[in-house]
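> Okay, predicted coordinates and the sequence, questions at the end:
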Amino acid sequence: MKMTMHIDDGLLARVLAATGAKTKTKAIDLALREMDRRTELIRLTREGLGLSPDELAATIDPAYDLEAARLQETPVFYGRKPRARG
């Protein structure tokens, strides 16, 4: 959809730099998608999954190693330069 918008130049420049987007349109699209993702996470956090704390704890495999999973994960970069993992 094509539209005219008044966007703060400094804010747009920061979003372009942060995302590595090549165009203003792509930067705005990424920013909108991120806001939508965060809103959905907040909604899920507030509403929960309908599980009691005990039920939720039972859904996690006791042998699950989050740190090992993170190290095996293939990093995804959204237009930014990769950062060293510490």
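Arrived safely, thanks for sending.
> Roughly how far does the residue nearest the centre of the chain sit from Ile28?
Nearest to the mean C-alpha position of the chain, by Cα atoms, centre = their mean, lies Glu34 at 5.8 Å. According to Cβ to Cβ, to the nearest Å, Glu34 and Ile28 sit 11 Å apart. No exception for glycine: its C-beta is placed from N, CA and C like everyone else's.
> now Leu12
Counting by Cβ to Cβ - Leu12 and Ile28 are separated by 8 Å.
> circling back to that earlier point, secondary structure element for the residue nearest to the centre of the chain?
Following DSSP states H and E, the helix or strand that holds Glu34 is helix 24-47.
> Tell me which other helices or strands that helix touches.
helix 9-19 (3 or more Cβ pairs under 8 Å, 6 or more residues apart in numbering; DSSP states H and E).
> could you check the angle helix 24-47 makes with the helix it packs on?
Using axes from the mean of the first three to the mean of the last three Cα atoms, to 10 degrees, the inter-axis angle of helix 9-19 relative to helix 24-47 is 80 degrees.
> any chance you could read off phi and psi for Asp65?
The phi/psi pair for Asp65 (degrees, to the nearest 10) reads phi -110, psi 100.
> per-residue pLDDT, it?
On pLDDT, Asp65 comes in at 86.
> And for the one 3 residues further on?
The per-residue pLDDT reported for Ala68 equals 86.
> Same check on Ala31?
93.
> and Ile60, what is it in contact with?
By Cβ atoms under 8 Å, 6 or more residues apart in numbering, no residues touch Ile60.
> make that Phe77, sorry
Gly20.
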